[in-house]
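Peer 1: Structure for the following, please:
(one chain, ligands or ions: 1)
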Amino acid sequence: MDREKWYARTPDEVVQFWQTSFVDGLSSSEVNTRLDKFGFNELAEKEKTAWWKRFLAQFQDFMVLVLLGATLISAFLGEYADAITILIIVLMNAILGFIQEYRAEQSLSALKKLASPTARVIRNSMVQQIPARELVPGDILILEAGDKLAADGRLIDVHNMEVEEAALTGESMPVRKVADRRYSEDAPLGDRKNMVYAGTSVVRGRGKAVVCASGMATEVGHIAGMIQTTTEEATPLERRLDHLGKWLVWGCLFICLVVVITGVAKGESLFLMCMAGISLAVAAIPEGLPAIVTVALALGVQRMIRQRAIIRKLPAVETLGCTTAICSDKTGTLTQNAMTVRQLFTDGNNYEITGVGYDIKGNILLNQQPLDISKDKALHQCLTIGALCNNSTLKQNNIAITGIWRTKNETGWSVEGDPTEGAIVVAAAKASIWQAEVEKVQKRVAEIPFESERRRMSVVYRDVNNNNILYIKGAPDTILELCRYYHTAAGPTSLTSDHIAKINSINDQMASQALRVLAVAYRRLTPAQAQNPDETIENDLVFSGLIGMIDPPREEAKSSIARCREAGIKTVMITGDHINTAIAIAQELQIYKEGQHKALTGKDLDAMSESDLDAIVNKVTVYARVSPAHKLRIVRALKRQGHIVAMTGDGVNDAPAIKEADIGIAMGITGTDVTKEASAMVLADDNFATIVAAVEEGRGIYENIRKFIRYLLSCNIGEVLTMFLAALFGLPMPLLPVQILWVNLVTDGLPAMALGIDPTNPNIMQRPPRHPGESVFSRGLSRKVIGRGIQIGLSTLFVFSVIYYLQNDLALARTAAFATLVYCQMFHVFDCRSETATIFELKFTSNKYLLMAVAFSTIMQLSVMYVPFLSAIFSTVPLSLGNWALVLIVSGWTLILNGFKHVFKRRPARRGFLPQNR
Ligand code: ATP
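Peer 2: Residues are numbered from 1 along each chain as shown. Below you'll find the predicted structure:
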């Protein structure tokens, strides 16, 4: 059978061809055989650049090439030792750069793997979530709104399914899918409505398909241009630093030129001065800055993964630290999404339901007393609707429970599917009502799936006498609008205004106890209505009852919200739930305070103009009964007020709001593929606390980047200034070319890297957010960099001149200047760990890597001074105790002085950016 003609066959033919089963799917052993035969479901990737090519790329820098050329000349001139040393240093620098890039790449590819798509299939008679790359032909795919197709498939079952195929056909309108039709063999791609293709996404409804093509055999695989290419986006900071780097290059080159010219004018050899100039340029130009920023970002991202936040776009790390408002879904993010039905209202009676979680042990009480449910017709009807209009399965120790009442081993209860529906399955089970049992006498023939906008879901059942009946459940306000009758034990009666008032008051009462309330209703259908039913038949309903369930707030959410408050971040709850439920939970979480904050519903929003909304958006902390379209308005309104908005979402229709937000956050567990794809960050645990942890990490990463920028640039200024001032004052050259290169290697290498992974300052969430447009040098950093650079330069020159003039020994003066420059930087690195605290306030041992890096660099420096063979190459001589005292005092005094300065003059820490009107 030809790959392209599946749409011309019946589902049975396709299933038979692939030797699979609608109900059981493939077996694990069959999957393995097919994986061997068809390979992984992946598109061929562009070939990776070989590691040695990337290593060689380290030498492509213009100044490094000039240095290598000059070294070659010096070798020809007989300066072998110098030439070899320079070569070794350049090589070590290249290795360092290569390792940094390699680490960044590794962490980024690990990231990609984590964010890789999954698929739901039936295998071994069970529904399983598998990595999409493991899909094989013959797999039975389960599709829902928001799923992105990972392979091509022939549909075998659909319920109101619409698929967006723009990626493949260019058609932007979703295509309604069918399963039972066949198409002629020459039907074009866009007309094959019984097929689904990799790269497209389900926007409505649900369905099942048999995978018919995977990997390069899919339609996408056949389009040559769509071979996977990965473009890495530079973050704003990387771009800005790249720009800064270009300026620094010219500045450094100019100064180097001055050093060379003045040196030559003073009678130094042209060759030596050229070597010094070039070495200085190589040392001082911070060409590695963007790479180190990437490493810091990538390492931070890895730390975030450990906290269960998966970053999909690197620039998000920077923006995270600037977040001023987090808009979070309620259900599952701020609450546990572990629902338990607590109250029930039907036929004028209020029932209480006991029990914990999904465990089916529990009773239904009327007036505090257990009752015989089989005799309470209205209650029975209400729970039966709940059990039938339901796609969740109850499980115990991973085994589906569909009707057996278990009394032993009552642990490990869980729900597969929507927790709201799971809670109703459990409540029905407490009344011994099971979907599987009821389905022995009536069968489901159709479903109109739940959608956030509709806030309801319907199913059509047909009994043995061919009677068709619609069962519906959804938000009470939505359902009540569609009802005309009221169910009583004696049968349906007309729905009166008294009934409506009573239902509304019970609904409000339940909602203000933080219960999520669902209404259930039903109606009889004519055979014509039952044929391909749609929303138009969801009317003239008989109201059956209200079901109220609790969904307790997450333990950790409250403290995370308090942290946000301290950090100047506003928390906003956005939910599809009833306003009273939302306010009750928001009060418990301290997001909402009566009188201080406002709560709006979707209807309120609809009645407001943009300017009305702008006027109060800063006060609103709860939005209830909103649909995804409202989320977009909320994001925009907050952005207009200057907020940097993080917004969560899970459903397919949340994607536009997530894209619009500064940080779009998708739910890892409940989120759809489409939402994940639009997001910048995915929460592996759907937990609000994880967002806050990621914001904290984002702030920490930015602080660390500032730390090593401060360190590297002030050190480089120190080096350039030493040489420049010496030239200016007519002093001999204080450092030889190899010495300059060495200083650069010792300081730029390990200590700078260790600063990049400095632990986050524990007070970082006690300051307001930073402005995203803020320069990396703001808040006094440029002053610090320049000031310290001058200090390092002057200190080095001071030691050099003192020893040169007092002891009249150039080699000794150079060695002392060499040591001063290195140790100034070794002391300075500790200063860079905090912009507000001194090293006396910071925990000295909290960054072990930094201690090890400094110890290693110190030993390396001592070896080039004291190991005879090395000291010959580096032209160093041993320092006397007195000289050492001078070197160490001059190098370290600033650190100690700064410490004292901080003790006496503490500046307030609260400086930063806050949007207007807050
Ligand atoms: P969040 O708080 O994360 O926005 P939510 O569950 O409150 O989530 P939706 O999922 O959009 O928001 O649900 C909106 C409303 O639809 C709910 O308040 C509830 O009344 C109703 N509803 C939710 N799940 C179902 C379902 N499975 N079947 C029928 N109605 C449902």
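Peer 1: Could you list the contact residues of the stretch 201-350 of the chain toward the ligand?
Peer 2: Residues of the stretch 201-350 of the chain found near the ligand, taking CB under 6 Å from any ligand atom as the criterion, are Asp329, Lys330, Thr331. The C-beta positions use only the backbone N, C-alpha and C, and glycine is treated the same way.
Peer 1: How far away from the center of its chain is the helix or strand containing Ala75?
Peer 2: Element membership of Ala75, judged by DSSP states H and E, is helix 62-76. Distance, stretch centre to chain centre, for helix 62-76: 45 Å (CA atoms, centre = their mean, to the nearest Å).
Peer 1: surely His159 meets Gly207?
Peer 2: Yes. Counting by CB atoms under 8 Å, Gly207 is a contact partner of His159 at 6.3 Å.
Peer 1: Look at the two and report which has more neighbours.
Peer 2: Neighbours per residue (other CB atoms under 10 Å) separate His159 from Gly207, with Gly207 holding more: 24 against 18.
Peer 1: tell me how far stretch 37-57 is from the chain's mean position?
Peer 2: How far stretch 37-57 lies from its chain's middle: 26 Å, per CA atoms, centre = their mean.
Peer 1: Could you rank the residues of the stretch 201-350 of the chain next to the ligand by neighbour count and give me the top one?
Peer 2: Greatest neighbour count in these, by other CB under 10 Å, goes to Lys330: 28 neighbours.
Peer 1: Next up, the contacts around that residue.
Peer 2: By CB atoms under 8 Å, 6 or more residues apart in numbering, Lys330 lies in contact with Met573, Ile574, Thr575, Asp577, Ala582, Ile585.
Peer 1: among these, which two are most distant?
Peer 2: By the measure CB to CB, Ile574 and Ile585 form the most distant pair in the contacts of Lys330, at 12.2 Å.
Peer 1: ok, and for whichever strand or helix holds Leu35, which residues are buried?
Peer 2: Here Leu35 sits within helix 28-38, counting by DSSP H and E. For helix 28-38, the neighbour count (16 or more other CB atoms under 10 Å) marks Glu30, Val31, Arg34, Leu35, Phe38 as buried.
Peer 1: Alpha carbons of it, in PDB - could you do that?
Peer 2: What follows is helix 28-38, C-alpha atoms only, in PDB (Å, rounded to 0.1, in the frame of the first residue of the first chain):
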ATOM      1  CA  SER A  28       6.100  -3.200  23.700                       C
ATOM      2  CA  SER A  29       8.000  -5.900  21.700                       C
ATOM      3  CA  GLU A  30       6.300  -4.900  18.500                       C
ATOM      4  CA  VAL A  31       7.200  -1.300  19.200                       C
ATOM      5  CA  ASN A  32      10.900  -2.200  19.500                       C
ATOM      6  CA  THR A  33      10.800  -4.200  16.300                       C
ATOM      7  CA  ARG A  34       9.200  -1.300  14.500                       C
ATOM      8  CA  LEU A  35      11.700   1.200  16.000                       C
ATOM      9  CA  ASP A  36      14.500  -1.000  14.500                       C
ATOM     10  CA  LYS A  37      12.700  -1.100  11.200                       C
ATOM     11  CA  PHE A  38      11.500   2.500  10.800                       C
END
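Peer 1: hmm, back to that, can you lay out the residues of the stretch 201-350 of the chain next to the ligand as a markdown table showing secondary structure and pLDDT?
Peer 2: Shown next, in a markdown table, are these (DSSP: H, G, I helix; E, B strand; the rest coil; pLDDT from 0 to 100):
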| residue | secondary structure | pLDDT |
| --- | --- | --- |
| Asp329 | strand | 92 |
| Lys330 | coil | 92 |
| Thr331 | coil | 88 |
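Peer 1: which among those gets closest to Met667?
Peer 2: Using CB to CB, Asp329 is the member of these that lies nearest Met667, at 7.6 Å.
Peer 1: in the stretch 351-500 of the chain, which spans are strands?
Peer 2: Taking DSSP state E, counting those that start in this stretch as the test, the strands found in the stretch 351-500 of the chain are 364-366, 369-370, 393-396, 399-401, 413-416, 442-451, 456-463, 468-474, 483-488, 491-494.
Peer 1: Which of those strands has the lowest mean pLDDT?
Peer 2: Among those, strand 399-401 has the lowest mean pLDDT, at a mean of 75.
Peer 1: any idea which of the contacts of Lys330 is closest to Ile385?
Peer 2: Asp577 (20.4 Å).
Peer 1: That closest one falls within a strand, correct?
Peer 2: No. Looking at Asp577 with DSSP: H, G, I helix; E, B strand; the rest coil, it is coil, so not inside a strand.
Peer 1: what about it, distance to Ile550?
Peer 2: As for Asp577, its distance to Ile550 is 12 Å (criterion: CB to CB, to the nearest Å).
Peer 1: Spit out the residues that contact those two alike.
Peer 2: Joint contacts of Asp577 and Ile550 (CB under 8 Å, 6+ apart) are Arg516.
Peer 1: who's more crowded, these two?
Peer 2: Neighbour comparison, Asp577 and Ile550: the larger count goes to Asp577, with 26 against 20 (by other CB under 10 Å).
Peer 1: is it true that the more buried one touches Asp329?
Peer 2: No. Asp577 is beyond contact range of Asp329, at 9.8 Å (criterion: CB under 8 Å).
Peer 1: so what's Leu851 closest to, chain neighbours aside?
Peer 2: Nearest residue to Leu851, sequence neighbours excluded (CB to CB, 6 or more residues apart in numbering): Thr845, at 6.7 Å.
Peer 1: what residues are up against Thr118?
Peer 2: Contact analysis of Thr118 by CB under 8 Å, 6+ apart lists Gln129, Ile130, Pro131, Ala132.
Peer 1: Now with 6 Å, please.
Peer 2: Gln129, Pro131, Ala132 (CB atoms under 6 Å, 6 or more residues apart in numbering).
Peer 1: Next, format those as CSV and append neighbour count, secondary structure and pLDDT.
Peer 2: Output for the contacts of Thr118, formatted as CSV (neighbours: other CB atoms under 10 Å; DSSP: H, G, I helix; E, B strand; the rest coil; pLDDT from 0 to 100):
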residue, neighbour count, secondary structure, pLDDT
Gln129, 10, strand, 87
Pro131, 14, strand, 90
Ala132, 21, helix, 90
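Peer 1: Pick the one among these closest to the ligand.
Peer 2: The closest of those to the ligand turns out to be Gln129 (CB to the nearest ligand atom; 19.4 Å).
Peer 1: Quick one: residues contacting the closest one.
Peer 2: By CB under 6 Å, 6+ apart, Gln129 lies in contact with Thr118, Arg120.
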